[in-house]
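Enquirer: Give me a model of this one.
(chains A and B)
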Amino acid sequence: VDTLPDLMADIAVGRARSKTDRTVVRHRHAQGKTMELSARKELQSRLQPLREKLDQQLDENRLKRFDMMLLGEVLTTLDEFKSTLQECDDQLFFKPVEGLTSFLQQIVMENIVYQTGMSYVLHLFDLMSDALDHYCAGGDAIDDFLLAFERLERLFQGIDKPIAETADVDESALIQDIDPEAAESGMLLEFLLEGEEGLEACEQNLLALENDPGNETLLNTMFRTMHTIKGTSGMLNMPHMVKLSHRIEDLITQIRDGNARLTSAISDIIFKALDSLKQLFLQAGDILRRSGPEPINLARTYEMLSDCMMSIRSPETDLHPPLEHVPIKKSELLVGDDDDLPRLKRLGEILVERGDISQQTLQEMLKAQKPLGELLLDSGKVAPDKLEAALQEQQQQKVHREQSQKDESVASIRVASDKLDKQVALVGELVTVKTRLSQLAEQKQDTEIALIAEEVDRLTSDLRDNTMSVRLLPIGSTFSRFQRTVRDLARDLGKQIVMTTEGEETELDKTVIEQLKDPLMHLIRNCVDHGIESGPVRTAAGKTAEGRIHLTARHTGSSIEIQIKDDGAGIDAEAVRKKALEKGLISAEANLSEKEIFNLIFMPGFSTAKTVTNVSGRGVGMEVVKKKIEALRGTVEIASVKGRGTTLTLRLPLSLAIIDGLLVQIGGEKFVLPLAPVEECVELTRQDLKAAHGREVASIRGEIVPYIHLRERFAIDGNRPEIEQIVVMDIDDRRIGFVVDYVFGEHQTVIKSLGQLYRNVKGFSGATILGDGNLALILDVRQLIEAEVTLQNPAH
Amino acid sequence: LIRVDPSAGDRPATDTGTLRFGAAVKAQPPDHQGKMGRKVLIVDDERLIRDLVTFRLESRGFEIVYAENGKQAMESLEQEKPDLLVLDVMMPEMSGIDVCRAIKSKPETRHIKVILLTAKVQQADEAEGLAAGADLYLTKPFRPNNLLAKIEALLTD
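Expert: Presented below is the predicted three-dimensional model:
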């Protein structure tokens, strides 16, 4: 069997592979009429302008990259060429030109690499021109040329698969070849970043499409993304990406052109295909980083895609059921929505246009008309909460769209994140130096230096804030990723779950966001898997069959709060307590508050999947989640009402690198307390101590505030000063004091993590270098409080 | 995209075997029409391009040798002593730019003409190519007739 390249090669050179071939061609020519010389002259003169046009158009293409429009123009001219040949009753050139046309079509469809394919086309065209000249001048020695086109024709008759597929590649264990040139140029890296973003956007659009299947804007956006990926990956010589994105693009085109409906089955296939594409991206990234790439199995994806295309092409076998629920269209819900999407004209508009009714009549009628929501409600067709849910969803889509429109319009540049890291580090150094300068200024009592120091101080803070904000990213993209998880998981489990999100625009440090993905994913999966009950159970409990998960992000001072709230089964505190008892985590007589019981879930060794499913449904790997969050200097809290749902609250610092701190001194040591929760500093005198009868509480303006005596806690030698300072903080809505010797004041703190040895010491989140070069430990107040509770209550 | 195993070709097995193991080899017996001093080394990792160039040059009596990447090209220079290189830029092992630079920086190979034939169409790419000493910078897609004319012109200089 001839390999394809061989055939192409033969076509190009017009080389006869055997004498038989040549004879066959001769024989066929003998059968066809050859023209009189005068007719040939006529043919030549009629074809001349078209030849020139083709020549020019082909040359124009030669100078460009793949350009659909330009290629289309060539195809048009070739059509004219063909009809002229027909009119002249030509028997020889028509078929070759037809062959050239279909060859070009293959190039347009990107089954043949553009650069190579077009070079061949140019060659073939020149061959044809020569042959045509020769023929029109009365010659008959054009066999080689004709043979070339015979082969071309045969070639394309035999091909029902794109050429790309004939390459012998094992699609079930694929590792891509990366063009070293492309890898070095940095273009590849950029493409990988952009591509992954594009894919994420595609996923979001697809999710949105499931609720609004006919939305052309969304389809077009997806189409464009796929087209860009296809184009760029072609340029970077990544055949598999070209092929896969091409297939997805085809499928989207079918839907956009109305040849297929976006059923849930089809959207599943697109999701899977997008996943495969993402795998290709990740693998390319691995190869680029020289970490061992995992082989990818694309065979199944291609199988699904082609099955899907087949069923679209033969519509009578529509195997795919429509979407389970028909969503309420937004335009039916809200009166006067102002989106600018192309839409069908409304009945009223048409009637007015036709002059059948006046604008005024229409307005009056519309005024009398109730919104659909109300009508449905009145007639009892829809429960109020359902309607509320639909309205919320609509609102969310609106917000989402506005957001994405906003995003598009914001000009931005892409910066390598290590450059930003470097900048943060430099700003950190600068902050340290600035502190030294300030201290020096204070010592020298020199107003001039003090003035400069102040200026530097101000600029440094601005610079710091700005640098930090550069690293901040909205958490929205992470949220939307969860949408997909919830959708897939719920479908697998046969549950109906709607996830709503709020505060997508909330910004967080990029590193924090990245580190947060896994634990959040884990928590949400838990919600779907164990938190939300199945439809019948919910209905029996008097809830809506559809479970809800609400994801919120918001700023609270220097930290960010992320909340995952579900209306599922909640946690059975008693069951948790029993389990913990069984596991020996608590003693039988331990008197724990509900909150403390819930916190047991986070304890190491509390749960395995098996034990939790029949307890409360939570706890799988919760310990890991907590560890990860704590590694980010964050906290996680759990609240639950049995039967009503569970709320998980995560609190995280905005940034990992620099915090505002309060510099304090105890004995000869300096420490930094986080500034954000600080409410006030008050004095603690010997008299106050006496009044409290040795208990560690202080009365501040009549309110009793417990405190932790840090000198005692850290067992620092030396005498307590006459007057100590209580730094009063608000931690989780509780006032608590920390007693120190002396408070210096605010201090911008560059956090350095502690060495391996000290990493596990509770109560410290890091250390910082002071202006004078000394170290100060940064206190983790939450851990300190926790430890204090444990000290006083040894039961846990 | 078409990736081709060079062994899938229709050339005699000995040729393709050698091709695989990396050395530049002679292709079809060239048309000897007394046109010596017309030896062209085609360096491209894509066989279809090598073939296309060959087809256009063959009948004009050029002697043609091949290499599949920059490294092979460098290895075969001394043995084959080509008069001209048709050189792709984006190739594994060693890029065309590097090959060109290496050739043009050595006195004993400086006389060899180099045509860069590449899909890189940016002006900066062309500038880089010419800075590396290339005699000509042609972009893909290319017109084989055009390439032939340029080669003829370069070799008659």
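Enquirer: residues near residue B:43, how many?
Expert: 31 (other Cβ atoms under 10 Å in any protein chain shown). Every residue, glycine included, has its C-beta placed from N, CA and C.
Enquirer: how deep is the residue of the stretch 301-450 of chain A found nearest chain B tucked in, by neighbour count?
Expert: Going by Cβ to the nearest Cβ, chain B is nearest to residue A:302 of the stretch 301-450 of chain A, at 15.5 Å. If you count neighbours by other Cβ under 10 Å, residue A:302 ends up with 16.
Enquirer: Give me the phi and psi for it.
Expert: Dihedral angles of residue A:302 (phi, psi; degrees, to the nearest 10) stand at phi -60, psi -40.
Enquirer: That one contacts residue A:250, doesn't it?
Expert: No - using Cβ atoms under 8 Å, residue A:302 makes no contact with residue A:250, being 12.0 Å away.
Enquirer: sec struct for residue A:662, please.
Expert: Under the three-state scheme (DSSP: H, G, I helix; E, B strand; the rest coil), residue A:662 adopts strand.
Enquirer: and the closest residue to it other than its chain neighbours, what does it touch?
Expert: Excluding the flanking residues, the one nearest residue A:662 by Cβ to Cβ, 6 or more residues apart in numbering or on different chains is residue A:673, at 4.5 Å. By Cβ atoms under 8 Å, 6 or more residues apart in numbering or on different chains, the residues touching residue A:673 are A:661, A:662, A:664, A:727, A:729, A:738, A:778, A:779, A:781.
Enquirer: so how far is residue A:457 from residue A:673?
Expert: For residue A:673, the distance to residue A:457 equals 20 Å [Cβ to Cβ, to the nearest Å].
Enquirer: got it, and residue A:424?
Expert: Residue A:424 is 19 Å from residue A:457, by Cβ to Cβ.
Enquirer: Also residue A:301?
Expert: According to Cβ to Cβ, residue A:301 and residue A:457 sit 58 Å apart.
Enquirer: Residue A:220 now?
Expert: Distance of residue A:220 to residue A:457, computed by Cβ to Cβ: 52 Å.
Enquirer: neighbour-wise, which of these two wins?
Expert: Using other Cβ under 10 Å, the more surrounded residue of residue A:220 and residue A:457 is residue A:457, with 17 against 13.
Enquirer: In which helix or strand does the residue nearest the centre of chain B reside?
Expert: With distances taken as Cα atoms, centre = their mean, chain B has residue B:42 as the residue nearest its mean C-alpha position (2.0 Å). Using DSSP states H and E, residue B:42 sits in strand B:39-43.
Enquirer: Kindly report the same for residue A:204.
Expert: Following DSSP H and E, one finds residue A:204 within helix A:187-211.
Enquirer: List the buried residues in that helix.
Expert: A:188-189, A:191-192, A:194-195, A:198-211 (16 or more other Cβ atoms under 10 Å in any protein chain shown).
Enquirer: Where in the chain is the helix or strand with the lowest mean pLDDT?
Expert: I went with chain A, as the question did not name one. helix A:330-333 (a mean of 36; mean pLDDT, DSSP states H and E).
Enquirer: Sorry, I should have been clearer: chain B.
Expert: Lowest by mean pLDDT, DSSP H and E among the helices and strands of chain B is helix B:13-20, with a mean of 32.
Enquirer: Hmm, residue A:128 is touching residue A:93, no?
Expert: Yes - here residue A:128 reaches residue A:93: they are 7.3 Å apart, a contact under Cβ under 8 Å.
Enquirer: Could I get the contacting residues of residue A:70?
Expert: Shown in contact with residue A:70 (Cβ under 8 Å, 6+ apart): A:57, A:60, A:61, A:64.
Enquirer: Next, the contact list for the second one, please.
Expert: Going back to what we said before, that points to residue A:60. By Cβ under 8 Å, 6+ apart, the contact list for residue A:60 reads residue A:70.
Enquirer: What are the phi and psi values at it?
Expert: Dihedral pair for residue A:60: phi -60, psi -40, per degrees, to the nearest 10.
Enquirer: and the gap between it and chain B?
Expert: With distances taken as Cβ to the nearest Cβ, to the nearest Å, residue A:60 is found 11 Å from chain B.
Enquirer: same check, this time on residue A:245
Expert: For residue A:245, the distance to chain B equals 13 Å [Cβ to the nearest Cβ].
Enquirer: Measure how the strand or helix carrying that residue sits relative to helix A:187-211, angle-wise.
Expert: Here residue A:245, judged by DSSP H and E, is contained in helix A:239-256. Per axes from the mean of the first three to the mean of the last three Cα atoms, to 10 degrees, the angle that helix A:239-256 makes with helix A:187-211 is 30 degrees.
Enquirer: thought residue A:229 was touching residue A:198?
Expert: Yes - with contact defined as Cβ under 8 Å, residue A:229 counts as touching residue A:198 (6.2 Å).
Enquirer: which residues sit in contact with residue A:236?
Expert: Residue A:236 touches A:179, A:182, A:187, A:188, A:191, counting by Cβ under 8 Å, 6+ apart.
Enquirer: what mean pLDDT does stretch A:545-560 have?
Expert: The pLDDT scores in stretch A:545-560 average 83.
Enquirer: Ends of stretch A:210-221, what's the gap?
Expert: Terminal residues of stretch A:210-221 lie 15 Å apart, using Cα to Cα, to the nearest Å.
Enquirer: Which positions within that stretch qualify as buried?
Expert: Buried residues in stretch A:210-221, counted by 16+ other Cβ under 10 Å: A:210, A:211, A:212, A:213, A:215, A:218, A:219, A:221.
Enquirer: most centrally placed residue in chain A?
Expert: Residue closest to the average C-alpha location in chain A (Cα atoms, centre = their mean): residue A:200, at 3.6 Å.
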